[in-house]
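Trainee: Here is a sequence with its predicted model. Questions after.
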Amino acid sequence: MPAPQCASCRKARAALRRPRSGQALCGTCFCAAFEAEVLHTVVAGRLLPPGAVVAVGASGGKDSTVLAHVLRELAPRLAISLHLVAVDEGIGGYRDAALAAVRRQAARWELPLTVVAYAELFGGWTMDAVARSTAGSGRSRSCCTFCGVLRRRALEEGARRVGATHVVTGHNADDMAETVLMNFLRGDAGRLARGGGLGSPGEGGALPRCRPLQLASQKEVVLYAHFRRLDYFSEECVYAPEAFRGHARELLKLLEAARPSAVLDLVHSAERLALAPAARPPPPGACSRCGALASRALCQACALLDGLNRGRPRLAIGKGRRGLDEEGPPGRRGPQPSGPPASEPIPGF
Amino acid sequence: MLWQVLEGLSRDSAKRLRFVPGVVYADEGAACGQSPEDRAKTVAEAKLVLQSVGFPWHIVALEEVFSLPPSVLRCSAREPVGTEGAYKAAVDSFLQQQHALGEEQQSLPCPPRPPIRAGPPTAGQTEALSTLFSSVETLTAKEELLRTLRTHLILHVARTHGYSKVMMGDSCTRLAIKLMTSLALGRGAFLAWDTGFSDERHGDVVVVRPMREHTLKEVAFYNRLFAVPSVFTPAVDTKAPEKASIHRLMEAFILRLQAQFPSTVSTVYRTSEKLVKAPRDGCAAGTPGPRCLLCMCVLDVDTADSATAFGAQTSSQLPQTQPPVAQAEAPTVSCCCTGMGGARHCCRTEEDPRARVIEQLCYGCRVNMKDLPSLDPLPPYILAEAQLRSQRAEAEQIQEYLLEDREDEDARPGES
């Protein structure tokens, strides 16, 4: 049976059905609709004012590729300029291929590209080294916790280097939904209280961050990349199977099968969570070591690195944060692949 | 829970509970498609247990929702607590222990009092109820509808008999599952009411959940050790495949995760304790705003630039006609509803009764109603109340244009 006509232009044959609404559209109309929606998100939320210098977190994956492409299309209308910032976490066999994809994109779209590497920023710690260091802790490795925090810091640093005023990332609606589920399952009230909005305004010197693709479902992002024939890197990080987020992702897939609007409903719920004042994170101050935004004396990145350097990688993870106030070995921030064996008793987490 | 209450009221307990309870049992057989013989058998078993307990008991069938008055949906003011005597009784509910995914039953036994009919429901009502439930397309919406109707029914019984509190037997495990399910259904704004200890959205009747700190396992052990009798009936989702509804999915997921991470349920429960019953920061504090028709929570569909207001626009474009709740693809904006819910009154020119009802519902209830192709099988009290509220809203709208009649007769008549 031939495909129905496109519901929007009524001229071409429909090439796809939009996942959420079931509308049949041809490729061009779909891409136009997608771009219009992203434009609306940005304009209605006043996310990127005219004249902004925007650093796009580019990982080579589908979300950041689509984000960069759409923003590039919309840049003249929004009067913004774009820079690509890629982060090299030092995950062998994965990140190199992804970075190659980013370089190709930068060349094709003629956008300036900056690459920041963990090894350079964080005293020689690459994700592989972190993974080795946290490997012996018995429970799951939690290297994703490290990667997330450090990547945020690296992105910020890269953005500063190019003189950006805003940072954008390619999180889509599915990511937001997964995050809410994950935070509830782990009881992370602080993150629940903070999340749910359209991004964070800059506080205390941090650059404002936003997620223009926040309302787009993952399926639509993939469809857009397909119709625009975008070249992206589609493999999973080697450490991904161990992440807790995998459970949330699996749950989300099941929920979506039972009820297609589940993703949107979750995002709606997340926006309206009301947490007790005691559960909310304290107003942010500055980290005592690097000066970045922090809720406690040390920002999360410094705290994590501290733990790594002292050979106690789980120091800053989980509740308690005991031992954080102790002063580390003075001045010494060189790489220590696996710290000294427990001559001091390892605190139980 | 009933057993615990019994113990608490007995003479030899150290801290004696000071209320006079009644027990309520809701017979939901019609909704679950049980045959009349099975239903009669279950009700008889339940009656035995209830009689042995010794409290005044009420059994009501779910069909009685068709004879509820619309006042059930109104939030009445809290009566001041009388200074004399025991305060009015609490209504208990059973908890099934037969299997781990126990069915929850509320007992509403009918005393020989005039207000509620003691006889079995008429065939016509049973028919109407099965029509209603079979017209619902998804199991998720069915379960939600059942929950809503059951709540209204219990509320009505409690009000009629003068009970001021209703005790539900939700355990910790069940509440954790309920929390995650509500999250997935879009009820994030109301989590504190749905899963907290006390739920006062109905005004004069307060729903409390005293068992919320006991896990299902503890309850099962208790029942086994103390030989608590229980009655098993199939529920709407018995024997349904795991992926059939959001409730089932979430239940299976949480129990599975609990096996791997034993602290899951208690973590979710602890997070639920941190929720407060307040609108999120930034929303207008002060005026509470209209309440949802079905769940009686303050409406959470606001007109602000929320992330999902726009998403709801584009996703509610279905091929078949859809009530104009949120309209228009981004480029073409039709009539007045630019999705921001603005002057929704002018859409009323379509005189679509479905739209009238839908706009009085909160986000979660709206999503459920999408699975109900027609609103006609709904019990009359819901439709009547919807009608009343929309008329009242219209009257309020023209109120600002009416000039007040002054005492003297030559005042100008009102204009609309």
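Mentor: That came through fine.

Trainee: if I pick A:Leu223, what's in contact with it?
Mentor: A:Leu16, A:Pro19, A:Phe30 (Cβ atoms under 8 Å, 6 or more residues apart in numbering or on different chains). C-beta coordinates here come from the backbone N, C-alpha and C atoms, glycine included.

Trainee: let's go with 7 Å and repeat that
Mentor: Contacts for A:Leu223 (Cβ atoms under 7 Å, 6 or more residues apart in numbering or on different chains) come out as A:Leu16, A:Phe30.

Trainee: Pull the distance from the helix or strand where it lies to the chain's centre.
Mentor: Element membership of A:Leu223 [criterion: DSSP states H and E] is helix A:218-227. Here helix A:218-227 shows a centroid-to-chain-centroid distance of 18 Å under the convention Cα atoms, centre = their mean, to the nearest Å.

Trainee: In PDB, please show the C-alpha coordinates belonging to the next helix or strand after that helix.
Mentor: As assigned by DSSP H and E, the chain's next helix or strand after helix A:218-227 is helix A:245-258. As requested, the backbone C-alpha atoms of helix A:245-258 are provided in PDB (Å, rounded to 0.1, in the frame of the first residue of the first chain):
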ATOM      1  CA  ARG A 245      21.600   4.500  34.100                       C
ATOM      2  CA  GLY A 246      21.200   1.400  32.100                       C
ATOM      3  CA  HIS A 247      18.400   0.200  34.500                       C
ATOM      4  CA  ALA A 248      16.600   3.500  34.100                       C
ATOM      5  CA  ARG A 249      17.000   3.300  30.400                       C
ATOM      6  CA  GLU A 250      15.600  -0.200  30.200                       C
ATOM      7  CA  LEU A 251      12.700   0.900  32.400                       C
ATOM      8  CA  LEU A 252      12.000   3.900  30.100                       C
ATOM      9  CA  LYS A 253      11.900   1.600  27.100                       C
ATOM     10  CA  LEU A 254       9.300  -0.600  28.700                       C
ATOM     11  CA  LEU A 255       7.300   2.400  29.800                       C
ATOM     12  CA  GLU A 256       7.300   3.900  26.400                       C
ATOM     13  CA  ALA A 257       6.000   0.600  25.000                       C
ATOM     14  CA  ALA A 258       3.200   0.600  27.400                       C
END
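
Trainee: List the residues that contact the residue in chain A that chain B sits nearest to.
Mentor: Of chain A, the residue with the smallest distance to chain B, taken as Cβ to the nearest Cβ, is A:Ser269 at 2.5 Å. With contacts defined as Cβ under 7 Å, 6+ apart, A:Ser269 is in contact with A:Val180, B:Leu183, B:Gly186, B:Arg187, B:Gly188.

Trainee: Just the ones of those residues in helices?
Mentor: Using DSSP state H, A:Val180, B:Leu183 are the members of the contacts of A:Ser269 that sit in helices.

Trainee: State the pLDDT value of residue 92.
Mentor: This is for chain A. For A:Gly92, the pLDDT comes out at 77.

Trainee: that answer is for a different chain, and I need it for chain B
Mentor: Confidence at B:Asp92, expressed as pLDDT, is 35.

Trainee: Tell me the residues of the stretch 151-300 of chain A that contact chain B?
Mentor: Proximity of the stretch 151-300 of chain A to chain B is assessed by Cβ under 7 Å from any Cβ of the partner chain, with A:180, A:184-187, A:189, A:198, A:214-215, A:247, A:251, A:254-255, A:257-259, A:261-262, A:264-276, A:279 identified as the residues in range.

Trainee: and with 6 Å instead?
Mentor: By Cβ under 6 Å from any Cβ of the partner chain, the residues of the stretch 151-300 of chain A that approach chain B are A:184, A:187, A:189, A:198, A:215, A:251, A:254-255, A:258-259, A:262, A:264-269, A:271-276, A:279.

Trainee: Surely A:Gly92 is in a helix?
Mentor: No - going by DSSP: H, G, I helix; E, B strand; the rest coil, the assignment for A:Gly92 is coil, not a helix.

Trainee: Show me which pair in the contacts of A:Ser269 is furthest apart.
Mentor: With distances taken as Cβ to Cβ, the most widely separated pair in the contacts of A:Ser269 is A:Val180 and B:Arg187, at 12.8 Å.

Trainee: tell me the contacts of A:Met176?
Mentor: A:Val267 (Cβ atoms under 6 Å, 6 or more residues apart in numbering or on different chains).

Trainee: how many neighbours does B:Thr148 have?
Mentor: 18 (other Cβ atoms under 10 Å in any protein chain shown).

Trainee: typed the wrong thing, it's B:Leu361
Mentor: Per other Cβ under 10 Å, the neighbour tally for B:Leu361 reads 21.

Trainee: cool, the one 5 residues further on as well?
Mentor: Other residues near B:Arg366 number 23, with proximity taken as other Cβ under 10 Å.

Trainee: again with A:Tyr94
Mentor: Other residues close to A:Tyr94 by other Cβ under 10 Å number 20.

Trainee: mind listing what it touches?
Mentor: The contact partners of A:Tyr94, taken as Cβ under 6 Å, 6+ apart, are A:Cys237, A:Val238.

Trainee: B:Arg291 now?
Mentor: Taking Cβ under 6 Å, 6+ apart as the criterion, B:Arg291 is in contact with B:Val298.

Trainee: May I have the beta-bridge partners of it?
Mentor: When bridges are assigned using DSSP bridges, the partners listed for B:Arg291 are B:Val298.

Trainee: Helix or strand for the nearest residue to A:Phe244 once chain neighbours are set aside, just tell me which one.
Mentor: With sequence-adjacent residues excluded and distances taken as Cβ to Cβ, 6 or more residues apart in numbering or on different chains, A:Phe244 is closest to A:Met182, at 6.3 Å. Of the helices and strands defined by DSSP H and E, A:Met182 is found in helix A:173-186.

Trainee: For the residue of chain A closest to chain B, which non-adjacent residue is closest in space?
Mentor: Counting by Cβ to Cβ, 6+ apart, the nearest residue to A:Ser269 once its immediate chain neighbours are dropped is B:Gly188, at 2.5 Å.

Trainee: For that neighbour, give its distance to A:Leu255.
Mentor: Between B:Gly188 and A:Leu255 the distance is 14 Å, computed by Cβ to Cβ, to the nearest Å.

Trainee: Likewise for B:Arg354?
Mentor: According to Cβ to Cβ, B:Arg354 and A:Leu255 sit 26 Å apart.
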